[in-house]
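**Q** Build me a model from this:
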Amino acid sequence: MRFSMTVYSVLIAASLALTLIPSTQAQVPAWGRRYNKQQIERTIARMETNTDDFKRYIDGALNRSAIDQLPAEDRVWERVSDFERATNQLRARFNQTDSWWETRNEVQVVLQSAQRTNRVINRYRQYLNIRGRWNVIKRDLNTLARYYDLQPIR
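**A** Here you go, the predicted structure:
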C-alpha cells in the first residue's frame, strides 16, 4: 500500500512538472526532430522581411520588364501581393500564440500562396531578374515546411 502511494505521488509530481514547462520552451516533434518557438520565430521573421523586400524589388523589376503594362504584369503583382499578405498574417498569428504548432494552418496557407507565386515567377522569369531573391525566400519556406511537416516548394 505504502509503495503504491509513493509511486502514485511521484507520477502526480511528474505530471505537474511537465505541465509547468513554459510554452515558449515547449518543443513539438516534426519529422522525428524537435524545434522550439524561437527557432521558428527567427525563420518566419527572416522570411517575412525578405518577402517585404522582394515585393518592393519586384515592383521595380516589373516596371523595367517586357511585360510592363501587360496582363502578365498584373498576374505577377497579384501573386506576390497575396503571398506577402499571407506572410504578414502568419507572423501576426505566430506572435499571438503560445505554441508554434498552433500556426500550422497559417503556414500551409503561406506555402500554398508561395506555390502559386513560384509558378508565375517561373513562367515569366526570363523577363524578371529575380530568381536569386526568390530562391532565398524559398529556402526559408522549405525550412518552415520541414518544421511543420508539410510539402516543400519545388
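
**Q** what residue ranges in this protein score low on pLDDT?
**A** 1-33, 127 (pLDDT under 70).

**Q** And the helices in it?
**A** In the chain, the helices defined using DSSP state H lie at 2-19, 37-63, 71-96, 104-124, 131-147.

**Q** If we go by neighbour counts, what in stretch 101-112 is buried?
**A** Buried residues in stretch 101-112, counted by 16 or more other Cβ atoms under 10 Å: Trp101, Thr103, Glu106, Val107, Gln108, Val109, Val110, Leu111, Gln112. Where you see a C-beta, it was placed from the backbone N, CA and C, and this is true even at glycine.

**Q** Please apply the same query to stretch 140-154.
**A** By neighbour count with 16+ other Cβ under 10 Å, stretch 140-154 contains the buried residues Asp140, Leu141, Asn142, Thr143, Leu144, Ala145, Tyr147, Tyr148, Leu150, Ile153.

**Q** Also stretch 69-84?
**A** Neighbour count says stretch 69-84 has Ala72, Glu73, Val76, Arg79, Val80, Asp82, Phe83, Glu84 buried, by 16+ other Cβ under 10 Å.

**Q** Including distance to Thr97, could these go into TSV?
**A** Converted to TSV, those look like this (distance: Cβ to Cβ, whole Å):
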residue	distance to Thr97
Ala72	38
Glu73	37
Val76	32
Arg79	27
Val80	26
Asp82	23
Phe83	21
Glu84	21
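
**Q** what residues does stretch 64-71 touch?
**A** Residues from elsewhere that reach stretch 64-71, judged by Cβ atoms under 8 Å, 6 or more residues apart in numbering: Leu62, Glu73, Val76, Tyr124, Tyr127, Leu128.

**Q** again, 7 Å this time
**A** Leu62, Glu73, Tyr124, Tyr127, Leu128 (Cβ atoms under 7 Å, 6 or more residues apart in numbering).

**Q** Highest neighbour count among these?
**A** Using other Cβ atoms under 10 Å as the neighbour criterion, Leu62 leads the contacts of stretch 64-71 with 22 neighbours.

**Q** surely that residue meets Arg75?
**A** No: using Cβ atoms under 7 Å as the test, Leu62 is too far from Arg75 to be in contact (10.4 Å).

**Q** Before I go, just wanted to say thanks for your time.
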